[in-house]
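**Student:** Test case, fold it:
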Amino acid sequence: MPERLSTEPKVVWKSAVASDGLAGIAATADFVFLAGRDLEDKSDVFQCLSAEDGSEVWSVRQEAAGHLDYGNSPRATPLVNGEKIYFQGAFGDLLCVALETGETIWKRNLYADFQAETPTWGACSSPFITGDKLIVNPGAAKASLVALNPASGKVVWQTPGRPSGYGSLIQARLGGVDQIVGHDNESLGGWDVKTGQRLWEVRPSRTGDFNVPTPIAVGERLFVVTENNGSRLFEFEKSGRAKPQPVATNTELSPDTSTPVVVNNLVIGCWLNLFALDLNQNLKSQVNLKGDAFRGHVSLIASDNKVLVIGNRGELALLSVAQNRVTLLSQVRLFPGPVEIYSHPAMVGSRLYVRGTHSVQCIDLS
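**Tutor:** So this is what the prediction gives:
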């Protein structure tokens, strides 16, 4: 993280994209990976760009016709794992691709293969790998969560349950038990990593959450936030089960799509304003900052003492985070004209990769 932002963004390169992007960007030192749609809006297009100059290295096209609210573009962030990268489209297509060449190693459709209905807003959870398992959540009655072999795509286990939520799952050790944690469409839950067996569930007091923000493991506790039930902090029994009632709550921070970050025992998150909730004081609000960068959908990237805030109107803000104190260090506009940013940026070294309405650009923050 820099000490301050430049008064004008240092654009290293800019590359045009064919469609708006909802999926987050993935990047390595050499490559930048994007998920979008073709101009006819009938196929997903997964791209690999050169991190040096933004030129296209390869692309993979997957036919995926249909119609969803908020467009048909993929929602899930690509997953880089060694020499492979995994792409997931909004209509359930899951592809394993060779990172260097773009060759498709295997693919399957989560909804067709497991007899699940496509949700209103499509497949939104980003796949992740824990140990030797690739975790996805088709949301089928007999396959709510599925663990796949990352090399072959074959099923390791599948577990029955409810339709999926719209947030991503995580792996965490809570109550001394390694588990997969996240939402289905009705509840928060934990699943055994080895077998997929559901370990516990917690139903919120208010129904109707979209369950988009990703849960955050904070040591042996779990922080969760949704738009109807606000911020909650859960503790766990030694059996690995969550205690049904949160030990702390806060209704001021209630984002519908943005995931907070944790820095210096403060939960930093945005919902109309920027809030900092103290994990050591029952999620008490310590900071309330106002500004355009904190309104609407917001992406956050954290180090051990700073936070980058990327607003969906194109603002970039740099915050310093100390105990009980958040300071706005500097702010800059990333795009010259009107823009909407829903794709989560990626950061490698001092380079920030951001996707706007018509282009993706590499910004040097040094």
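
**Student:** Which of the helices or strands spans Val307?
**Tutor:** strand 306-311 (DSSP states H and E).

**Student:** Pull out the buried positions in that strand.
**Tutor:** Lys306, Val307, Leu308, Val309, Ile310, Gly311 (16 or more other CB atoms under 10 Å). Glycine gets a C-beta too; all of them are placed from N, C-alpha and C.

**Student:** I'd assumed Pro127 was in contact with Val136.
**Tutor:** Yes: in this structure, Val136 is within contact of Pro127 by CB atoms under 8 Å, at 5.1 Å.

**Student:** higher neighbour count, these two?
**Tutor:** Val136 (27 against 24; other CB atoms under 10 Å).

**Student:** mind checking how far the more buried one is from Val218?
**Tutor:** Distance, Val136 to Val218, by CB to CB, to the nearest Å: 25 Å.

**Student:** Can you name the next helix or strand after the strand holding Val307?
**Tutor:** strand 315-322.

**Student:** For that following strand, enumerate the helices and strands it packs against.
**Tutor:** Judged by 3 or more CB pairs under 8 Å, 6 or more residues apart in numbering; DSSP states H and E, strand 315-322 is in contact with strand 266-271, strand 306-311, strand 325-333.

**Student:** now the last one against strand 306-311, angle please.
**Tutor:** Interaxial angle, strand 325-333 versus strand 306-311 (axes from the mean of the first three to the mean of the last three CA atoms, to 10 degrees): 50 degrees.

**Student:** Average pLDDT for the strand holding Val307, rounded please.
**Tutor:** In this model, strand 306-311 carries a mean pLDDT of 97.

**Student:** could you say what helices and strands that strand packs with?
**Tutor:** Using 3+ CB pairs under 8 Å, 6+ apart, strand 306-311 sits against strand 261-263, strand 298-302, strand 315-322.

**Student:** at 10 Å instead, please
**Tutor:** strand 261-263, strand 266-271, strand 273-278, strand 298-302, strand 315-322, strand 325-333, strand 351-355 (3 or more CB pairs under 10 Å, 6 or more residues apart in numbering; DSSP states H and E).

**Student:** Strand partners (parallel or antiparallel) of it?
**Tutor:** Strand pairing for strand 306-311, determined by DSSP bridges: strand 298-302 (antiparallel), strand 315-322 (antiparallel).

**Student:** Output the below-cut-off pLDDT ranges for the stretch 151-300 of the chain.
**Tutor:** Counting by pLDDT under 70, not a single residue of the stretch 151-300 of the chain qualifies.

**Student:** then stretch 315-325 to CSV, C-alphas only?
**Tutor:** The C-alpha trace of stretch 315-325 is given here as CSV (Å, rounded to 0.1, in the frame of the first residue of the first chain):
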residue,chain,number,x,y,z
GLU,A,315,-13.5,6.8,-6.9
LEU,A,316,-10.4,5.3,-5.1
ALA,A,317,-9.8,6.2,-1.5
LEU,A,318,-6.9,5.3,0.7
LEU,A,319,-7.5,4.9,4.5
SER,A,320,-5.1,4.5,7.4
VAL,A,321,-6.4,2.3,10.1
ALA,A,322,-5.1,2.4,13.7
GLN,A,323,-6.9,1.2,16.9
ASN,A,324,-10.2,3.1,17.2
ARG,A,325,-9.1,5.5,14.4
